[in-house]
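Visitor: turn this into a structure:
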Amino acid sequence: MAQNQSKRASTRERLQELHRAEQAAAKRRQRIVVSVSAVAVIALIGGVTLAITSAKKDEKPSGKAKSTALVVPANATGDDGTVVTYGKADAPHTMEVYEDFRCPVCKHFEAANGATTAKLTEDGQIKVQYHLAAFLDKNLGGDGSHLALATAGAALNEGVDKFKAFHDVLYANQPDEREDGFGDVNHLLDLAGKVPGLKTEAFVKAVQDGTYEPWADKVAAKFNDSGVTGTPTVKVDGTTVSLFTGNAVVSPEQFSAAVKQAAGLQ
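Guide: Numbers count the residues shown, from 1 in each chain. From the prediction side, this is the model:
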């Protein structure tokens, strides 16, 4: 019993530190004057890295694309094909989710509310739009965010449901953000094997050839231009929804209620 209480207390303290780090980094970002070069702010608290970034419009993330031709996955949405929409496209309300596959706070959010996010789309009133980043590669080194994003693009090409399932697998198997665990294409393909029907011949070839790496660059650059200062961020019809209460991530019930309230559904 005491051991379980200690583990829960440790988890609460870690989440509290991460939340304070995000708030502090966002405040520092407001004081930064961005000139012609990119600016990266890294907050280190208790050995946990939370990255906030700003980039020039034409600056590419750190990933090295094998292909130079831009190929937009089938099922990508948005005016420029940089958005992934889950749910009914004509749903009257929109939940925007901003994430980086290497972000540890995103993992906590997905573990607590990923299923709720999907469930909120079931009645057709709310659709989810994913805006994905790769800034942790630049701040921490490696290609993991970029390669995970490119592989998610290959999954999206197979279907939105395949993307969502692979998205969930990535967070369930996320390495420490200071390790470039997603920087190994073979490891990403192994994880893709956890999604039934995803590893088609076309999917494997696209991942190995880097077909969607230029698309991943474009998606990440679009995030850098979004004005969002940290991940995860959730907006509902343009209103930012709080993801924390006290020392913990909001519960599924709290998150669902907040989303519905922001959408005017309750």
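
Visitor: any idea which helix or strand comes after the helix or strand that contains Ala221?
Guide: Using DSSP states H and E, Ala221 sits in helix 213-224. Scanning forward in sequence from helix 213-224 by DSSP H and E, the next helix or strand is strand 233-236.

Visitor: elements contacting that following strand?
Guide: For strand 233-236, the packing partners by 3 or more CB pairs under 8 Å, 6 or more residues apart in numbering; DSSP states H and E come out as strand 93-100, helix 252-262. Just so you know, the C-beta spots here come from the backbone N, C-alpha and C atoms, and that holds for glycine as well.

Visitor: just those: most buried one?
Guide: Ranked by mean neighbour count, the helices and strands packed on strand 233-236 are led by strand 93-100 with a mean of 22 (mean count of other CB atoms under 10 Å).

Visitor: ok, and what's touching it?
Guide: Contacts to strand 93-100, defined as CB atoms under 8 Å, 6 or more residues apart in numbering, come from residues 51, 106, 109-110, 117, 120, 125-136, 145, 223, 226, 228, 231-237, 259, 263-265.

Visitor: give me the buried subset of these.
Guide: Among the contacts of strand 93-100, those classed as buried by 16 or more other CB atoms under 10 Å are 51, 106, 109-110, 117, 120, 125-136, 145, 223, 228, 231-236, 259, 263, 265.

Visitor: closest to Phe182 out of the helices and strands packed on strand 233-236?
Guide: Closest approach to Phe182 among the helices and strands packed on strand 233-236 is made by strand 93-100 (10.6 Å; CB to CB).

Visitor: got the CA positions of that closest one in PDB?
Guide: Backbone C-alpha positions of strand 93-100 (Å, rounded to 0.1, in the frame of the first residue of the first chain) are rendered in PDB as follows:
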ATOM      1  CA  HIS A  93     -17.200  21.400 -33.800                       C
ATOM      2  CA  THR A  94     -13.500  21.000 -34.000                       C
ATOM      3  CA  MET A  95     -11.000  19.700 -31.400                       C
ATOM      4  CA  GLU A  96      -7.500  20.600 -32.400                       C
ATOM      5  CA  VAL A  97      -4.700  18.500 -30.700                       C
ATOM      6  CA  TYR A  98      -1.100  19.600 -31.000                       C
ATOM      7  CA  GLU A  99       1.500  16.900 -30.200                       C
ATOM      8  CA  ASP A 100       5.000  15.700 -30.700                       C
END
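
Visitor: what pairs with that strand, parallel or antiparallel?
Guide: Strand pairing for strand 93-100, determined by DSSP bridges: strand 126-133 (parallel), strand 233-236 (antiparallel).

Visitor: which other helices and strands contact the next helix or strand after the first one?
Guide: Next in sequence after strand 126-133, counting helices and strands by DSSP H and E, comes helix 135-140. Contacts defined by 3+ CB pairs under 8 Å, 6+ apart place helix 135-140 against strand 39-45, strand 48-54, helix 144-158, helix 213-224.

Visitor: mind giving me the packing neighbours of the last one?
Guide: Taking 3+ CB pairs under 8 Å, 6+ apart as contact, the helices and strands that helix 213-224 lies on are strand 126-133, helix 135-140, helix 144-158.
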